[in-house]
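J.: the sequence and its predicted three-dimensional model are supplied below.
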Amino acid sequence: MMRQEKFAIADIYVPITRRATLKPETVRKIAQSMLVVGQQAPILVRRDGDRFVLVHGLHRPEARREIMTFDYCSQAELFIAERKGSPRKRLVYRRFATAAEAIRLAVEDFPAIRTLDAWMLVGEERFDSKEIRRLYESDDYPLRRRTG
């Protein structure tokens, strides 16, 4: 039986095959609509152990993330691990006084971030390596970027 629930976006797992079909233009249109009229249609998820797996509504959580104001001054935790298939997995974990510092380390000190499994926790919100890169490239990013 379906029921309506509220939970953090970070608790929603989006399968990689579904993520590959994400259309940035659709996300932008939905985000603009949400700013005007709010979210009109719910997403559909199924419970899988301790997490929720997205079944329907791929673009809505991404649009919600896009319109949320990100606080670069919040405390953050950064996790970087080698992808599956490596004979030995190495995990880097660090806590940061600010998310801006975590983002800088992830992008500038781990230039292969796109080929690594990386995520950052800010409060209860989880950001994957693509989102970390987007936050770094944002005009709102408060720290000076390294050149070259």
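T.: Everything's here; your move.

J.: give me the number of residues near Y141?
T.: 17 (other Cβ atoms under 10 Å). Heads up, the C-betas are built off the backbone N, CA and C, glycines and all.

J.: what's the distance between it and R28?
T.: Look at Y141 and R28: by Cβ to Cβ, to the nearest Å, they are 20 Å apart.

J.: what residue lies at the spatial centre of this structure?
T.: Geometric centre of the chain, nearest residue: F127, 2.7 Å, by Cα atoms, centre = their mean.

J.: please report phi then psi for that one.
T.: Taking degrees, to the nearest 10, you get phi -120, psi 130 for the backbone angles of F127.

J.: quick check: the nearest residue to it once chain neighbours are set aside vs Y13, distance?
T.: Excluding its sequence neighbours, the residue lying closest to F127 (Cβ to Cβ, 6 or more residues apart in numbering) is M120, at 4.6 Å. Remark: distance between M120 and Y13 (Cβ to Cβ) = 16 Å.

J.: quick one: which of those two has more around it?
T.: M120 (23 against 15).

J.: low-confidence stretches in this structure?
T.: Low-confidence segments of the chain, defined by pLDDT under 70: 1, 82-89, 111-116, 148.

J.: so D71 makes contact with V122?
T.: Yes: between D71 and V122 there is a contact under Cβ atoms under 8 Å: 7.4 Å.

J.: now do the shared contacts for the two.
T.: A99 (Cβ atoms under 8 Å, 6 or more residues apart in numbering).

J.: the two: which is more packed in?
T.: V122 (22 against 14).

J.: ok, the helix or strand encompassing the residue nearest to F127: who's next to it in the sheet?
T.: Here M120, judged by DSSP states H and E, is contained in strand 117-122. Strand pairing for strand 117-122, using DSSP bridges, gives strand 76-81 (antiparallel), strand 125-128 (antiparallel).

J.: all set, thanks.
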